[in-house]
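1. Have a look at this prediction, sequence included:
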Amino acid sequence: MGHPPASDGPVIAVSDLRMRYGDKDVLTGLDLRIEPGGVTALLGPNGAGKTTTIEILEGFRARSGGTVEVLGTDPEHGDERWRAGLGVVLQEWRDNGKWRVRELLDHFGEYYKPYAEPWDADALLGLVGLEAQAAQRVQTLSGGQRRRLDVALGIIGRPALLFLDEPTTGFDPHARREFHELIHRLTDLDGTTILLTTHDLDEAEKLAERIVILAGGRIIADGSPDALARAAATTAEVKWIQDGTLQIHATEDATDFVRKLLATDDGAVTDLEVHRASLEDAYLSLVADFEAGQAESAVDTFKEATA
Amino acid sequence: MSTAANTGTMNTTVHAYKTGWKRGLIETRISLTTIGDLMGFIMPTAIAIVVLFFMRGADFEGSPVSLGAMNMPSLIGMNVVFGGIMGIMGTLSMDRTNGTLLRAKSMPGGMTGYLVGHMVSTALFVLATVAVMLAAGLVLFDGLEFDSPDRWLLFVAVVLMGIVTTLPLGAVLGAAINNPKNMGLVMFPIMGSVAISGIFYPLTALPGWLQGIGQVFPIYWMGLGMRHSLLPDSAVAVEVDGSWRTLLMFAVLAAWAVLALALAPKLLRRMARRESGSAVAARRAEMQQQWG
């Protein structure tokens, strides 16, 4: 259905991407390669450089260094045909508020006609669940409806690559769930690769087949949600009380540690707990350290945990 | 580049212009059916016409018509300049805050379509307001003459020239102002230029040096052209040099148009290049801070 990627190669190929604003380094050598198909989540705390990365990929921002290819083309030199292969959904869009919903979809589909067969407005309204709002002015939509319209406009030209930048920021749980269901429906569309950014691990785990964690200006972990979870869970925290004091020990082999502990304690150990670190624990401690300004040490700790 | 590729580029460019034209028609319909947009035209214009209506009794020495009737054509000229400049400038400025411009940038041919669309819709909106004001003027004021093809032709030619001049001027100013809060920096000088452009009082009543400054700006010449097409010939007596200076009027407007058209593409490209999601978010955050 969607038109094929411009080349047989990866949809996104980034190597040693650098970005510097004034004397502040935001990206310090980012490498990323995404093959066609599937949903990849770019996860990271606020200020990690996710939006900067995605804007460079979208061709909206000039980079400081490194090589970038999106659909086989450097975004800084992408022409209109290249642009037609991308769909962009931004964090907060309030454009064209006076237009009516169907009118906007009908008109914006026209721009893609030289390049692809755009979605029919009514079919698209059905896909994103806005049939009832078709005749409404855009500015009267709720936040969740507006974002679904943004998704509709993002995919209207059947893009090979769809960017979703923090798509559920500011949503209530209901709107969030509905939006997640919409993303799942999109993954059934052939030929569209999705790259979404989020600062929410839970969202990344729910939506993506691959999670790429961005912190300290580079990628510090990369894998499927399961693989990352297993990697993070290799470290366990063992807690017990001995002689009236709480003892805590972090170990990679909790079973072996506990066996030895109980073999030699002469019955003095009580209240034994083994707590296996989850990906969430590892990620939350990364975010906490990051926000406390200890970006470097946070990254190192996380890398140890997930390496 | 092969011939086929060239033809392809041509077709997509033509397509972008066509889509822009359609966008212009839709935007015009939206403007004419949105109370807020209409009030932006109706309120100031209605107030001005009411004021002129009460000036029907006031005469200006040497003029065959009342000050009210004399100012009505000038007001139409001012409306063309305001509508053209402010229309584009305000739109570009607002559309950078709400993301409309960025949306256009995110679509193939979107920026071309956006600019063409807004040129078309602003021009059509100005034409609609000019028609309404002309009708009101002819009904309300004695002494306006609009009964010969000469006058119709001149009227249409001056209005079109005014639109061709002011749309690119608005685009230049709108592209140069990258922050809506700086709109005032441009608005106040434009308002000031009205005072010395012979719109509400003949230019010849001003000191010589102010007359000189007033004649630099397009508003004076639009007013002059409108008076020429709508006032009795003898009204020329109160104009500078006692002449309608028809050729000079078109020449000055054309000079402004050429200047603006030379600057506009470069400034618009710069504006488009700088547009990104974070730029829109930063502008919006600043607005929210200022307005609470």
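-> Structure's in. What do you need?
2. which bits of chain A sit near chain B?
-> A:51-52, A:55, A:58, A:60-61, A:80-81, A:83-84, A:86, A:88, A:90-99, A:103, A:107-108, A:110-115, A:153, A:157, A:165 (CB under 8 Å from any CB of the partner chain). C-beta: built from backbone N, CA, C; applies to glycine.
3. How many neighbouring residues does residue 101 have?
-> Looking at chain A here, since you left the chain open. A count of nearby residues for A:Val101, using other CB atoms under 10 Å in any protein chain shown, gives 24.
4. you looked at the wrong chain, it should be chain B
-> Neighbourhood size, B:Leu101 [other CB under 10 Å]: 25.
5. Please name every helix or strand in contact with the host helix or strand of it.
-> Following DSSP states H and E, one finds B:Leu101 within helix B:100-105. In terms of contacts (3 or more CB pairs under 8 Å, 6 or more residues apart in numbering or on different chains; DSSP states H and E), helix B:100-105 is packed against helix B:67-97, helix B:110-140, helix B:246-273, helix B:277-291.
6. Just name the most buried of these.
-> Comparing the helices and strands packed on helix B:100-105 by mean neighbour count (mean count of other CB atoms under 10 Å in any protein chain shown), helix B:67-97 comes out on top with a mean of 24.
7. So that one, near chain A or not?
-> Yes: counting by CB under 8 Å from any CB, chain A is contacted by helix B:67-97 at B:Asp95.
8. Against which helices or strands is that helix packed?
-> Contacts defined by 3+ CB pairs under 8 Å, 6+ apart place helix B:67-97 against helix B:35-53, helix B:100-105, helix B:110-140, helix B:149-176, helix B:183-195, helix B:218-230, helix B:277-291.
9. and those as TSV, adding mean pLDDT and distance to A:Gly170?
-> Below are the helices and strands packed on helix B:67-97 laid out as TSV (pLDDT from 0 to 100; distance: least, CB to CB, whole Å):
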stretch	mean pLDDT	distance to A:Gly170
helix B:35-53	87	26
helix B:100-105	91	19
helix B:110-140	94	26
helix B:149-176	95	30
helix B:183-195	85	28
helix B:218-230	95	45
helix B:277-291	79	13
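10. With A:Pro173 as the reference, name the closest of those helices.
-> helix B:277-291 (24.2 Å; CB to CB).
11. what angle do the closest one and helix B:67-97 make?
-> 130 degrees (axes from the mean of the first three to the mean of the last three CA atoms, to 10 degrees).
12. What is helix B:277-291 packed up against?
-> helix A:50-58, helix B:67-97, helix B:100-105.
13. distance of the most far-flung residue of chain A relative to its centre from chain B?
-> Here chain A reaches farthest from its C-alpha mean at A:Asp266, the gap being 50.4 Å by CA atoms, centre = their mean. Distance of A:Asp266 to chain B, computed by CB to the nearest CB, to the nearest Å: 63 Å.
14. That residue in helix, strand or coil?
-> Under DSSP: H, G, I helix; E, B strand; the rest coil, A:Asp266 falls in the coil class.
15. Show me what the longest helix seen in chain A is packed up against.
-> Identified as the longest helix of chain A according to DSSP state H is helix A:173-187. Counting contacts by 3+ CB pairs under 8 Å, 6+ apart, helix A:173-187 is packed against helix A:121-128, helix A:143-155, strand A:193-198, helix A:201-207.
16. got the contact list for that helix?
-> Contact partners of helix A:173-187, identified using CB atoms under 8 Å, 6 or more residues apart in numbering or on different chains, comprise A:38-39, A:127-129, A:142-144, A:147-148, A:151, A:155, A:162, A:164, A:167-168, A:171, A:192, A:194, A:196, A:203, A:206-207.
17. buried set for that helix?
-> Burial within helix A:173-187, assessed by neighbour count using 16 or more other CB atoms under 10 Å in any protein chain shown, is assigned to A:175-176, A:178-180, A:182-183, A:186.
18. now the residue in the stretch 151-292 of chain B positioned nearest to chain A: how far from A:Ile54?
-> Proximity of the stretch 151-292 of chain B to chain A (CB to the nearest CB) peaks at B:Ser276, 3.9 Å away. As judged by CB to CB, to the nearest Å, B:Ser276 and A:Ile54 stand 10 Å apart.
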